[in-house]
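Asker: fold the following and give me the result.
(one chain, ligands or ions: 1)
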Amino acid sequence: MTDLEIRLIPAFTDNYIYALRDSASGAVAVVDPGEAGAAIAALERFGWRPDLILLTHHHPDHIGGAIELRTRFGSQVVGALADQSRLPPLDRAVAEGDQVLLGGTELAVLEVPGHTVGHIAYVGGGALFSGDTLFSLGCGRMFEGTAAQMWNSLTKLRALPDTLAIYCGHEYTASNARFAVTVDPDNAALHRRIAEVTALRAAGRPTIPASLADERATNPFLRADDPTVARMLGLDREPSDAVADPVAVFAALRQRKDHF
Ligand SMILES: [Zn+2]
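Answerer: So this is what the prediction gives:
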């Protein structure tokens, strides 16, 4: 059960902006409005005025429309304290452990560096807004952080409740699936998810939200500590009961995906 009504707003070629409405209070937030035009058109269609603009990280395709929305709707802009210098002017700068209130819905702030060093995620109301850290069947490129940081961030997200619905920054699932199957070919849950993704995309529908339980079972980047994945990458150790270093496995996965 979620206290939030969540609507997807497609932007650019494969970004998602999210509009959230706390059902009880009617309070509205917009996550990562990269493009003002798409966000404003959708919000007007919904009849929603955003009280909050929640930013996950500083990339232009996530923040580009924030100032225009703030000017138009008088919204408060929330973003990472650690990245304040390269985000639009923030009304509230947040860090790990902070709570953002949307009406009666509490959204907890998690610091998840790796894609960028100041990347944050928001979790609450049964939903995880993971930006470009965790994608369905994939994860963001490490533009700024290290493999150890990114793996740590992903394991932090992986530890959240099974029932969470993941709302990520891009519709990359089908292309991520093509890579995932090369490193985890015998994973039945992955094959089921790929069939689902293929059917959704063929029908022109989003693959988002994804469930965290599914991602834990199918996303190779959440499975770098699974011996099966290490073995596929040739990183399993002798004797065979020794566990490969998950950071090394994760780094090898990410590098392989970068050149896929
Ligand atoms: Zn990004």
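Asker: just the CA trace of stretch 45-60, in CSV.
Answerer: The C-alpha trace of stretch 45-60 is given here as CSV (Å, rounded to 0.1, in the frame of the first residue of the first chain):
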residue,chain,number,x,y,z
ARG,A,45,-3.3,18.0,-17.4
PHE,A,46,-3.3,16.4,-14.0
GLY,A,47,-4.5,19.7,-12.3
TRP,A,48,-1.5,19.4,-9.9
ARG,A,49,0.7,22.2,-8.5
PRO,A,50,4.0,21.0,-7.1
ASP,A,51,4.8,22.1,-3.5
LEU,A,52,8.2,20.4,-3.8
ILE,A,53,10.8,19.7,-6.4
LEU,A,54,13.0,16.8,-5.4
LEU,A,55,16.4,16.5,-7.2
THR,A,56,18.5,13.4,-7.1
HIS,A,57,21.7,14.7,-8.8
HIS,A,58,23.1,17.5,-10.8
HIS,A,59,23.0,16.3,-14.4
PRO,A,60,21.1,18.6,-16.7
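Asker: what about it, near the ion?
Answerer: Yes. Stretch 45-60 is in contact with the ion by Cβ under 5 Å from the ion, via His59. All C-beta atoms are positioned from the backbone trio N, CA, C, and that covers glycine.
Asker: what segments of the stretch 1-150 of the chain are helices?
Answerer: Ranges of helices in the stretch 1-150 of the chain, per DSSP state H, counting those that start in this stretch, are 36-46, 60-63, 66-73, 147-158.
Asker: and these as a markdown table, adding mean neighbour count and distance to Ala203?
Answerer: Formatted as a markdown table, the helices of the stretch 1-150 of the chain follow (neighbours: other Cβ atoms under 10 Å; distance: least, Cβ to Cβ, whole Å):
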| stretch | mean neighbour count | distance to Ala203 |
| --- | --- | --- |
| helix 36-46 | 16 | 21 |
| helix 60-63 | 19 | 25 |
| helix 66-73 | 18 | 31 |
| helix 147-158 | 20 | 28 |
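Asker: okay if I get those helices as JSON lines plus distance to Pro10 and mean pLDDT?
Answerer: Output for the helices of the stretch 1-150 of the chain, formatted as JSON lines (distance: least, Cβ to Cβ, whole Å; pLDDT from 0 to 100):
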{"stretch": "helix 36-46", "distance to Pro10": "7", "mean pLDDT": "98"}
{"stretch": "helix 60-63", "distance to Pro10": "12", "mean pLDDT": "98"}
{"stretch": "helix 66-73", "distance to Pro10": "16", "mean pLDDT": "98"}
{"stretch": "helix 147-158", "distance to Pro10": "23", "mean pLDDT": "98"}
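Asker: and the contacts of whichever helix in the chain runs longest?
Answerer: Criterion DSSP state H: the longest helix present in the chain is helix 188-202. Applying Cβ atoms under 8 Å, 6 or more residues apart in numbering, the contact partners of helix 188-202 are 136-137, 173-174, 177, 180-181, 184, 206-207, 214, 217-218.
Asker: repeat for stretch 179-187
Answerer: 137-138, 190-191, 194, 217-220, 223, 228-229, 232-233, 253, 256-257, 260.
Asker: please redo it, this time with the cut-off set to 10 Å
Answerer: 136-138, 172-173, 190-191, 193-194, 217-221, 223-224, 226, 228-233, 249, 252-253, 256-257, 260 (Cβ atoms under 10 Å, 6 or more residues apart in numbering).
Asker: now do the buried residues in it.
Answerer: 179-181, 183-184, 187 (16 or more other Cβ atoms under 10 Å).
Asker: quick one: average confidence on that stretch?
Answerer: Averaged across stretch 179-187, the pLDDT comes to 96.
Asker: ok, the residue lying closest to Thr207 once chain neighbours are set aside to Gln76 distance?
Answerer: Excluding the flanking residues, the one nearest Thr207 by Cβ to Cβ, 6 or more residues apart in numbering is Thr173, at 3.9 Å. Counting by Cβ to Cβ, to the nearest Å, the separation of Thr173 from Gln76 is 32 Å.
Asker: alright, that wraps it up for me.
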